[in-house]
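Engineer: Have a look; sequence and predicted model below, questions after that.
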Amino acid sequence: MGMYAPKGRREVYLLCFDGRQRIGLVRHAGNSLDLPTAACAPQESYREAVCRLVDGAAALRFGGVVARLDVSHHGAAAHRKVRLFTAHAERSCSASWLWMPWRQAVRRLPSLGTSELAEFVEGYLEGWIPDGWITLTSDLRR
């Protein structure tokens, strides 16, 4: 019996909020900002990868919503399987993170492959997205 092995890159992103609905971002070279992210190891689950990403952030609790997104580059065979985990920082969980109001942060983030990120964040924070998994639509214009 053959086992399914996903093709393409598998990644996790952390959408972490503080008590003032700000998002924790990481700064990269050239002052670009992004969500904390990690690539999944070959046999690692998405959940294991995000736990590895937040290792040492004891003041963090995961939210009840995870977004999935399969990003294919138009006309290319390569694609990414992205899982966007929600979390809440009960205290400052990383001194290296930059906390930014969520509306401002979403506008500054590089594309995750979907134009639905702002609506997803708003729906999550306002409570009209139920707990569980949600699928975001990929932008095929890329």
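Structural biologist: On my side now, so go ahead. Numbers count the residues shown, from 1 in each chain.

Engineer: And the lengthiest helix in the chain, what's buried?
Structural biologist: Ranked by number of residues, the top helix in the chain under DSSP state H is helix 117-126. Burial within helix 117-126, assessed by neighbour count using 16 or more other C-beta atoms under 10 Å, is assigned to 117, 120-121, 124. Glycine gets a C-beta too; all of them are placed from N, C-alpha and C.

Engineer: Tell me the bridge partners for residue 99.
Structural biologist: In this entry, residue 99 is beta-bridged to residue 24, by DSSP bridges.

Engineer: you'd agree it is up against residue 17?
Structural biologist: No - in this structure, residue 99 is not within contact of residue 17 by C-beta atoms under 8 Å, at 9.2 Å.

Engineer: mind putting the buried residues of helix 117-126 in CSV, pLDDT and distance to residue 88 included?
Structural biologist: Shown next, in CSV, are the buried residues of helix 117-126 (pLDDT from 0 to 100; distance: C-beta to C-beta, whole Å):
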residue, pLDDT, distance to residue 88
117, 90, 18
120, 92, 16
121, 93, 13
124, 93, 11
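
Engineer: Residue 37: which of those is nearest?
Structural biologist: Minimum distance to residue 37 across the buried residues of helix 117-126 is 13.8 Å, recorded for residue 117 (C-beta to C-beta).

Engineer: Next, work out how far apart the closest one and residue 134 are.
Structural biologist: 12 Å (C-beta to C-beta, to the nearest Å).

Engineer: Check residue 31 too.
Structural biologist: Going from residue 31 to residue 134 by C-beta to C-beta gives 31 Å.

Engineer: The residue nearest to residue 54 when sequence neighbours are not counted: what's it in contact with?
Structural biologist: Counting by C-beta to C-beta, 6 or more residues apart in numbering, residue 54 lies nearest to residue 60, which is 5.5 Å off, once chain neighbours are set aside. Contact analysis of residue 60 by C-beta atoms under 8 Å, 6 or more residues apart in numbering lists 16, 54, 87-90, 93.
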